[in-house]
Structure formats: structure tokens, C-alpha cells
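Participant: below is the sequence, then the predicted model.
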There are 2 protein chains.
Amino acid sequence: MLPVEPVGLSLGQPREERADAARNRAHLIEVAREMVAELGADKVTMDGLAERAGLGKGTVFRRFRTRAGIFHALFDEEERRFQQRVLSGPPPLGPGAPAVERLVAFGRARLEFLVEHTILARAALDPGKPVPVGDGPSLFHVQMLLNEACPEAAASGTLALQLVAALEGPILLYLQSADAPSPMVDDLSASWQVLVERVAAS
Amino acid sequence: MLPVEPVGLSLGQPREERADAARNRAHLIEVAREMVAELGADKVTMDGLAERAGLGKGTVFRRFRTRAGIFHALFDEEERRFQQRVLSGPPPLGPGAPAVERLVAFGRARLEFLVEHTILARAALDPGKPVPVGDGPSLFHVQMLLNEACPEAAASGTLALQLVAALEGPILLYLQSADAPSPMVDDLSASWQVLVERVAAS
DNA sequence: TTAGTAACCGGACTACACCCCGCTTATTGG
DNA sequence: CCAATAAGCGGGGTGTAGTCCGGTTACTAA
């Protein structure tokens, strides 16, 4: 006999995460963060994490799918915090300033954010997969502001993608984590401003 | 007793590659190319390559350092061919056209090139390493043309880096290999043109 | 309260990247 | 042609990502 679809509280599609599973997820993320801080990201292994968390290896894989998934989860937490500043912080990063100014501010903030979390961001890169960062909030946000600043050029969506790549690419794949000192970020920030302002110039 | 430095023909620093080593390299690259074409890049393993080439595993690692190194070597051959077109092909891709036109042409050509070789390019990505592609020829070339088109903005070098990222990033990490149909390349090409022409506009 | 079920947990198992070190061979100077 | 030497070679060894499946446990409905 087919299981009767519960009529009461079917939120979303899946069943909703079980209580112990949620507890384990939180615990794993906490332990993972400790291990990254303590040993460095490249010394964090699935086995090690499982053991230190007092759980089985299978559990770790169920939660994060892949090794990169761990760092993706950690990075996501930071990303969410960043999002918050963008969506409801003070202008010009938050709403309330002209689009171009917001884009410039977003660029600088994003660069500083990425430099601060380079280790996590790069460790979250899953070779062979589409994109760990930038797919969600960043791209959406840039696209929105671009629509406002120069609707014609932004129409296809590729321009926004390229601008996000211009912003994140240098940190994510063209530079060593080590050689991203402040002056480099300042330079990147400055040329981002040039880029945005000239693109938006009618 | 210290070995006497041979005075005769010390070219470069190292001894010069031994004949058998060179032969093996060529053979390995050939076999690797076959295997990629036949099985797909993700099915190519170090052991498998060694066995099929009739060589020891250690040899393969000596030649390519890492798994990504194999694909890097394969990609490099294509890259060199591309380089040739840029350096000595007909304008506007080759020399003989104004800088901005060359940049636009370079963008389209580079995009088509990357789409054609996405599999190799992405497989050559070595997680944790600075940059597999774009470090050499592309960056240098864009920097050069940018110096010509707008010296002030190009001075710091970061703008060129960001433009290269804008060009290669979407293919290399923001898009699935599959979802890069012709229209997407056309769109990317078009927004690249917008990007370059507006940045270069005084 | 209780039976049923789906999700969860654990740890043994596989496959593969990469290391290591003793053996082999190309090269060169006599 | 021969000895000496440094580079190249091979394949067994290790650690880790990811899979599988039998046993367990939290939820649901009656």
C-alpha cells in the first residue's frame, strides 16, 4: 500500500530535517571550524572530522556530500552574514544610494570579504562543479544594479556574470592566497571602480 | 670530491632532458590524448595512463608532477597554437589593427578557444594552485593592448587581470561545460565588446 | 501506546593520487 | 671501448575521498 501523504504540515518538499540530524550538522560545523582554525584547511580530513566529532564517517558524507562541501557550508555562513550587510546595511553598500555607487561599494566590500575568507572560499571550490560562490547572491545583486544603471547592456545577463568574474576571479584563482596584501586589494578595488563607472557611463 | 662542472656545453641551468625521457614524455602525451578522447578526462587515472603507455607509475608522476599536470600539458599544446594565431596571424586578432579592435577580437577568439577546450582547461585547474591558464600569454597580451588603449587605467596591472578574469572566469568556473551553447558564447562575446569599448573610451 | 516507516548512523571496502627508494640506463670523459 | 655518475625508471606502500549496506532510531498515524 502506498504511504498516505500527510496532509497536516508538509512544508516544502522533503520531510524536514530530523532533530538528531540537525544537531549533528551543527556539531560538525562547529568542530570543522575548530579544525580549520587549528590545523589549516588542508589538514582537515573526512575521517579526522568524523572521529573528532565522535560520529561515523558515513554521517559526515551524508551531511556534506563531499570534502569541498564542508568548506562550502562554513563559507555559506559567512556569506549569509555578508548578504545581510548588502541587503539591509547602511548605504552606499546597502540600499539607498545610486546604482553605480552601490556597485563600487559592493566591489570593495566583496574584495575585502573574499580576502578575509580566501582559505574557505578556495577550499569550497569543487573541481568539476559549476560554481561554489558567486552563483547566488553576488550575481543576482550585480545583475540588479546593472539593470538599473544600464538596462540595455545588462539585458543578456552575461555582462553581470563577467563583472562578477572580474571581481572574484583574481582572488579565487589567479592569485595565491599569500600574495594578496592590502595594496593589491586597493588596486583591485580601484580598477573595479574604473570598470564599473566606465561601463555605466552612457 | 666535487664533480667538476663540465665547461663545454652547459646550456640553461639543468643538464638538458635525456633522450629517453623526451621520448617518454611525447609518448605519454599521445596516450593521454587518446584516453581523454576515448574515455573522458575524468576516467583518466595515473595508473591507467602508466599501464597503457607501458611505463611505470613513478615515471608518469616524474613527468607531470600531479594529475592536473597531465591536462595542463595537453592544454599547453593547444594554448601554444592559439598563441601563434595571436602573435602572427592576420588582424584584427594578430598585429596590425588598433588596440581596442584587437582586444575585441581577442575576446571572441579566446572564448571560442576555451569552449572548444573546456574539458582540458578545467581538468588542468589545480585546486590550491595559483593559476593554470591565463597567467602567461593571455594576461600579458591583454596588459599590452590595454597599455596602448588607455595607459592611465592600465598602469597598476590589476585592470588587465580583472578583464582576463571576466573573459575566462565564466567558462572556467561559473558555467557547466554542457551549458555553453553557441548563443551563450555570442552573448559573452557581445558583452566583452561592451566592456572593452567602454573601458577604453576616454 | 504502539506499530510502521523512512531517514539516519556506522564502519568496512574500494579506488586513486601521490611518495619512496633501490635498480637501470643514457651520457660523458678518458 | 670502458668506467663513473647522475638522471631516469618501476612498482609496491600510504593516506584519504567517496561508496555501500545492515543495523538503529526518531518521527507519524492510528
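Facilitator: Okay, I see it. Computed from a predicted structure; not experimentally measured.
Participant: could you use CA atoms for every contact and neighbour count after this?
Facilitator: OK.
Participant: contacts only, for A:T158.
Facilitator: Neighbouring residues of A:T158 by C-alpha atoms under 8 Å, 6 or more residues apart in numbering or on different chains: B:D187, B:L188, B:S191.
Participant: kindly report the same for A:S191.
Facilitator: Counting by C-alpha under 8 Å, 6+ apart, A:S191 touches B:A153, B:T158, B:L159.
Participant: circling back: among the contacts of A:T158, which one sits closest to B:A19?
Facilitator: Comparing the contacts of A:T158 against B:A19 with C-alpha to C-alpha places B:L188 closest, at 44.9 Å.
Participant: what sits closest to the closest one if chain neighbours are left out?
Facilitator: Counting by C-alpha to C-alpha, 6 or more residues apart in numbering or on different chains, B:L188 lies nearest to A:T158, which is 5.6 Å off, once chain neighbours are set aside.
Participant: now the angle from the helix or strand hosting A:P183 to helix B:182-200?
Facilitator: Taking DSSP states H and E as the definition, A:P183 sits inside helix A:182-200. With axes from the mean of the first three to the mean of the last three C-alpha atoms, to 10 degrees applied, the angle from helix A:182-200 to helix B:182-200 works out at 100 degrees.
Participant: go through helix A:182-200 and flag the buried ones.
Facilitator: A:185-200 (16 or more other C-alpha atoms under 10 Å in any protein chain shown).
Participant: next one: stretch A:112-126
Facilitator: Across stretch A:112-126, burial judged by 16+ other C-alpha under 10 Å covers A:112, A:114-115, A:117-126.
Participant: equivalent analysis for stretch A:146-159, please.
Facilitator: Neighbour count says stretch A:146-159 has A:L146, A:N147, A:A149, A:C150, A:A153, A:A154, A:S156, A:G157, A:T158, A:L159 buried, by 16+ other C-alpha under 10 Å.
Participant: and for stretch A:85-105?
Facilitator: Buried positions in stretch A:85-105, judged by neighbour count with 16+ other C-alpha under 10 Å: A:V86, A:P91, A:P92, A:L93, A:G94, A:A99, A:V100, A:E101, A:R102, A:L103, A:V104, A:A105.
Participant: stretch A:160-169 too?
Facilitator: For stretch A:160-169, a neighbour-count test (16+ other C-alpha under 10 Å) marks A:A160, A:L161, A:Q162, A:L163, A:V164, A:A165, A:A166, A:L167, A:E168, A:G169 as buried.
Participant: could you double-check that the fifth one sits in contact with A:P137?
Facilitator: No: using C-alpha atoms under 8 Å as the test, A:V164 is too far from A:P137 to be in contact (10.6 Å).
Participant: under a three-state scheme, what state does A:A97 occupy?
Facilitator: Of the three states, A:A97 takes coil according to DSSP: H, G, I helix; E, B strand; the rest coil.
Participant: distance check, the closest residue to it other than its chain neighbours against DNA strand C.
Facilitator: Spatial nearest neighbour of A:A97, excluding adjacent residues (C-alpha to C-alpha, 6+ apart): A:P91 at 5.8 Å. Here the criterion is C-alpha to the nearest atom of the strand, to the nearest Å. By it, A:P91 lies 40 Å from DNA strand C.
Participant: likewise for A:R65?
Facilitator: On the measure of C-alpha to the nearest atom of the strand, A:R65 and DNA strand C end up 12 Å apart.
Participant: likewise A:E77?
Facilitator: 20 Å.
Participant: list just the nearest of the contacts of A:T158 to A:R25.
Facilitator: Set against A:R25, the nearest of these by C-alpha to C-alpha is B:L188 (39.6 Å).
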